[in-house]
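> just to be clear, the model below is a prediction. Sequence and coordinates:
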Amino acid sequence: MPNIRFEPVTLENLRDVTNLRVADHQEGFVADNARSIAWSRYLSNLIPSAIFSDDDLVGFVLYGEWEEEPGLWGIARFMIDEKHQGQGIGKAAMRELIRLIRERDPEAHAINLSYVPENDAARRLYASVGFVETGEMRGREVEARLDLLPLPKKRPAARPVQTYVFITTRHPSDVVRAVRQIPGVVRADALLGTPDAVALVEGRDIAEMDAVIDRIAEIPEVEATDSKVARWID
């Protein structure tokens, strides 16, 4: 599987990007990269990017969010240099571009593109990653669309829970030193009176917090424990 990444078109790589070429029989299917880069300078929503496979510059893409519909993205140009075609790079790059669009805009709901009807290689490539022809034409080009399923919403992180543990012991100082070494103990102090010591313990949930309490109870000098005032931390 090619290791694909996208890099901005910069002054340092501009010449190399504009020197990328499709095969002779494909030249009528896609505008040259210099023209596409110039076009992007006047349309701020379009993002020109160089496509790399490992350390090799292999192609160019121009994409962005269509201004007429929030959440609708489009691929205006996509090309792989003739020397790198037929190696699975085009499909890998298209998949990575779809992933990148979803990462940039989790609310994106569709991606549009178009190609000339005679470009069978483009039709097969785009269909292989899920694009479906809409039946509409954009000028002399066939329009295709990829509908994006909503991303699963992240569950909110569980709130930690804390509990005070009251400890009965005849050796409060020794117990407190031992308790402070237990992971999950926020603090522990010896008291004058009953109980003999108190610890504040914390867990990601009640089960984890109870495991901390059990470790306190296992200390040899601890005679008894009692926990109170459990509370969720906001």
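Happy to help now that I have it. Residues are numbered from 1 along each chain as shown.

> could you pull out the strands in the chain for me?
Assigned by DSSP state E, the strands in the chain fall at 4-8, 46-53, 56-65, 72-80, 110-115, 132-138, 141-147, 161-169, 185-190, 197-203, 222-232.

> among those, which comes closest to Leu14?
With C-beta to C-beta as the measure, strand 46-53 is the member of the strands of the chain nearest Leu14 (9.2 Å). For the C-beta atoms, the positions are set from N, CA and C on the backbone; glycine is no exception.

> quick one: the nearest residue to Ala31 once chain neighbours are set aside from Tyr115, how far?
Leaving aside its sequence neighbours, Ala31 sits nearest to Arg77 (C-beta to C-beta, 6 or more residues apart in numbering; 6.4 Å). Here Arg77 is placed at a distance of 11 Å from Tyr115 (C-beta to C-beta, to the nearest Å).

> where does the most centrally placed residue in the chain land on pLDDT?
The residue lying closest to the centre of the chain (C-alpha atoms, centre = their mean) is Glu103, at 5.3 Å. pLDDT recorded at Glu103 is 91.

> low pLDDT regions in this structure?
In the predicted model of the chain, residues 1, 151-158, 228-234 satisfy pLDDT under 70.

> what does the longest helix anywhere in the chain contact?
Longest among the helix segments of the chain by residue count, using DSSP state H, is helix 89-104. Residues outside helix 89-104 that contact it (C-beta atoms under 8 Å, 6 or more residues apart in numbering) are 1-2, 4-6, 51, 53, 58-59, 61, 63, 73, 75, 78, 80, 108, 111, 125-126, 128-129, 146, 148, 151.

> can we see that at 7 Å?
Applying C-beta atoms under 7 Å, 6 or more residues apart in numbering, the set of residues contacting helix 89-104 from outside is 1-2, 4, 6, 51, 53, 58-59, 61, 63, 73, 80, 108, 111, 125, 128-129, 148, 151.

> between strand 46-53 and it, find me the angle.
Angle, helix 89-104 to strand 46-53, by axes from the mean of the first three to the mean of the last three C-alpha atoms, to 10 degrees: 130 degrees.
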